[in-house]
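> what follows is a predicted protein model with its sequence.
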Amino acid sequence: MPTLLLRCVAPLQAWGTQSHFSVRDTGREPSKSGIIGLLCAALGRSRAADVTDLASLRMGVRVDREGSILREWQTALTKPTSNATISTRYLLSDAAFLVGLESPDRDLLQTLQNALRHPVWSLFLGRKSCPPAALPFLKDGLLDTDLEGAFQSYPWLGRRLAEYRRLTQLRVVFDDAQGAEMRRDVPISFAARSFRLRKVRTAFIAPPPFWQPLEGGDAEEATPCTYLV
């Protein structure tokens, strides 16, 4: 079954699913609602648009770099004479993810890949304050294999050989009807901010292949060919 891969790499990301009032959380990996929101921006779909086709995609995330949680405080004044409102926001720092979307509809995946290459609106990794360090688009990211096979074969997103050599396994999270964990992050409507539950499964896989350096390049700072888009 075809799978579309996209990368989520940035100094800061935020994938909250349980934000309430003045506290904005983040998950340890991209949420399904966050990825569907990113795809809607690439396609130019409004918040009121139907997202049933995107919600039906089976999603998986390969965690190439776990990152670390940061906490920041923001102060806002609604009026010059009002009391200051302090909000707490959590962010994910220095993380790297390979996201996979599996579907029998290859034409839909091709449409999404084209949109990621030429997005209608600006793309963000969870929040507007978190732009990607590189386009999520991968020119070799549409594969004729399932999620599990794609994650095992697609090269690691990092560039440092020394870091790669320290890897023993990578964490992966899949949509799975038999999964033990529940997450409420499948959008029914972004306009109404309504979401439904999904089940996920967490597993660990052996490190995938390392990028080969470009001809004449330094193996310690190998540049992935798909970064050159």
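Here it is on my side, so go on. Residues are numbered from 1 along each chain as shown.
> chain center to the helix or strand bottoming out on mean pLDDT in the chain, what's the gap?
Counting by mean pLDDT, DSSP states H and E, the weakest-scoring helix or strand in the chain turns out to be strand 23-24, with a mean of 72. Centroid separation for strand 23-24 versus its chain: 20 Å, with C-alpha atoms, centre = their mean, to the nearest Å.
> contact partners of it?
Residues lying outside strand 23-24 but in contact with it, judged by C-beta atoms under 8 Å, 6 or more residues apart in numbering, are 14, 16, 87, 88, 89, 90, 127. All C-beta atoms are positioned from the backbone trio N, CA, C, and that covers glycine.
> if we go to 7 Å?
By C-beta atoms under 7 Å, 6 or more residues apart in numbering, the residues outside strand 23-24 that reach it are 16, 87, 88, 89, 90.
> buried ones among those residues?
Listed as buried from the contacts of strand 23-24 are 16, 89, 90; burial here means 16 or more other C-beta atoms under 10 Å.
> residue 66: neighbouring residues, count only.
When neighbours are counted by other C-beta atoms under 10 Å, residue 66 registers 15.
> phi, psi of it?
Per-residue torsions, residue 66: phi -70, psi -40 (degrees, to the nearest 10).
> isn't it up against residue 93?
No - checked against C-beta atoms under 7 Å, the pair residue 66 and residue 93 is beyond contact range at 10.3 Å.
> can you report how many residues neighbour the residue nearest to residue 175 when sequence neighbours are not counted?
With C-beta to C-beta, 6 or more residues apart in numbering as the criterion, residue 175 has its nearest non-adjacent residue at 4.7 Å, and that residue is residue 58. For residue 58, the neighbour count with other C-beta under 10 Å is 19.
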